[in-house]
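Q: whatever this is, show me its structure:
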Amino acid sequence: MPESNPVAWHWFRARLAGLRPAPRPAPVAPGAPRVRTAVVTDSAAALPVDWAATNAPDGALTVIPMPVMVGADIYGEGEDDILETIALALAAGKAVKTSRPSPGQFEQAYRTAERLGFESVVSIHLSGDLSGTADAARLAATRVQIPVEVVDSRTVGMAQGIAVQAAVHAASAGAEAAAVAAAAADQAGRTSVRFYVPSLEQLRRGGRIGAAASLVGTMLAIKPLLAVDGGKIVPLEKVRSAARAVARLEELVAAEVAAHPLPVPRLALHHFGNPAEAEALAERLAVALPQCAPAQISSLPAVLAAHAGLGVLAVIVAHDAPGDQSGGSWPTGAGLPLSL
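A: Now for the predicted structure:
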């Protein structure tokens, strides 16, 4: 589980404060619904970098960076070299740790939303079984006057990000906090995450799987398929080769799409250090599932890459609510495909 480091956080928060631009009030276009609810999330949501600028009014969406500690150095999501630094550290066997954002960071985000004139905040975070981030958000919520509703998405990566997008769209339509939170929770519940990792060792080090399971996997050269289910990482299947593991991942995704064909699902892929493999997988899925829009491709967020390790391939399948007219397309600004 992520660890707390008060000294490191003092430095990290001071650094963020120096970089943060002054907030601007959220504009309201003539005839547009008033945006009453601000949305806050964390960088584990893997939102495309240009999405917020295209889809959220100023101040309506705040993404709190989650730090990764490589030795004594602290890196925040979005720093140019963070994934390369993590990759080199993992290859060299160096310690790589993560931590939840501090309650103070959330408190500042909530106070900023109140200062900008929002009436409430919906704060959406990665699974509470994998991180204490939602707990930090809840603690911060007790320190502010503006009402804050914290949503544990029970998932990670773009599965969480898609829930955030649903919340932002609801808020942009003028929905109140309860409806915005419900939109996020509903979309998260309609989104699956399956992934392949070449080794279980990094997940073991981060406390995500047991030592015995990691040892057996290493000794037997098992290539595991895993999923996020009920907020936890759970095993799906044990496969004997990397090629078969990826092929089986494709089969499982195709089976899910076939079982829930309408509305047409959306696909997203994450990788860490293996973009060519992710692009090849996306091409095969495009052939197998021509009804779906091209999969969005992006690097795994640093805070998740630190736990999954190099070579991970993750596939997210998002099912929209019945009656949705998106036709399996990504919202404007999502970037199709987006290779980072």
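
Q: which residues of the protein fall in strands?
A: Ranges of strands within the chain are 37-42, 61-64, 67-70, 73-76, 96-98, 120-125, 148-152, 191-196, 223-229, 232-239, 266-271, 296-299, 313-318, based on DSSP state E.

Q: so where do the helices sit in the stretch 151-300 of the chain?
A: Using DSSP state H, counting those that start in this stretch, the helices of the stretch 151-300 of the chain run over 157-172, 177-189, 201-205, 211-219, 242-259, 275-288.

Q: quick check: can you list the domain ranges of the protein?
A: For the chain, the structural domains run 6-189, 191-318, going by automatic domain parsing.

Q: ok, what's across the strand from Val70?
A: Counting by DSSP bridges, Val70 is bridged to Asp73, Val96.

Q: you'd agree it is up against Leu83?
A: No. Counting by CB atoms under 8 Å, Val70 sits too far from Leu83 to count as a contact (11.2 Å). Quick note: C-beta positions are derived from backbone N, CA and C, even for glycine.

Q: low-confidence ranges in the chain?
A: Across the chain, the ranges flagged by pLDDT under 70 are 1-32, 80, 200-221, 323-340.

Q: quick check, Pro265 in contact with Val317.
A: Yes. With contact defined as CB under 8 Å, Pro265 reaches Val317; the gap is 5.1 Å.

Q: pull out the buried residues from stretch 144-163.
A: 144, 146-163 (16 or more other CB atoms under 10 Å).

Q: chain center to that stretch: distance?
A: Distance of stretch 144-163 from the chain centroid (CA atoms, centre = their mean, to the nearest Å) equals 10 Å.

Q: likewise stretch 102-119?
A: Distance, stretch centre to chain centre, for stretch 102-119: 21 Å (CA atoms, centre = their mean).

Q: export the helices of the stretch 151-300 of the chain to JSON lines and tack on distance to Pro103?
A: Converted to JSON lines, those look like this (distance: least, CB to CB, whole Å):
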{"stretch": "helix 157-172", "distance to Pro103": "20"}
{"stretch": "helix 177-189", "distance to Pro103": "20"}
{"stretch": "helix 201-205", "distance to Pro103": "26"}
{"stretch": "helix 211-219", "distance to Pro103": "32"}
{"stretch": "helix 242-259", "distance to Pro103": "37"}
{"stretch": "helix 275-288", "distance to Pro103": "35"}
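
Q: out of the ones you listed, which comes closest to Ser99?
A: For those, proximity to Ser99 was assessed by CB to CB; helix 201-205 is nearest, at 14.9 Å.

Q: how close does Pro147 get to Arg266?
A: Pro147 is 31 Å from Arg266, where distance means CB to CB, to the nearest Å.

Q: now Glu237
A: The gap separating Glu237 from Arg266 is 24 Å, by CB to CB.

Q: who's more crowded, these two?
A: Arg266 (26 against 17; other CB atoms under 10 Å).

Q: that older thread, identify whichever of the strands of the chain lies nearest to Leu285.
A: Of all the strands of the chain, strand 266-271 sits nearest to Leu285, with 6.3 Å by CB to CB.

Q: what lines up beside that closest one in the sheet?
A: Sheet partners by DSSP bridges: for strand 266-271, these are strand 296-299 (parallel), strand 313-318 (antiparallel).

Q: so of those, which one's packed in deepest?
A: Compared across those, strand 313-318 shows the largest average neighbour count, a mean of 26 (mean count of other CB atoms under 10 Å).

Q: show residues contacting that strand.
A: Contact with strand 313-318 is made by 157-159, 162, 187, 190-196, 246, 249, 253, 256-257, 265-271, 274, 277-278, 281, 285, 295, 300, 308, as judged by CB atoms under 8 Å, 6 or more residues apart in numbering.

Q: 7 Å - rerun?
A: The contact list for strand 313-318 (CB atoms under 7 Å, 6 or more residues apart in numbering) reads 157-159, 162, 190-196, 246, 249, 253, 256-257, 265-271, 277-278, 281, 300.

Q: now a ChimeraX select for only the buried ones of these.
A: Here is the ChimeraX command that picks out the buried ones among these, judged by 16+ other CB under 10 Å:
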select :157,158,159,162,190,191,192,193,194,195,196,246,249,253,257,265,266,267,268,269,270,271,277,278,281,300
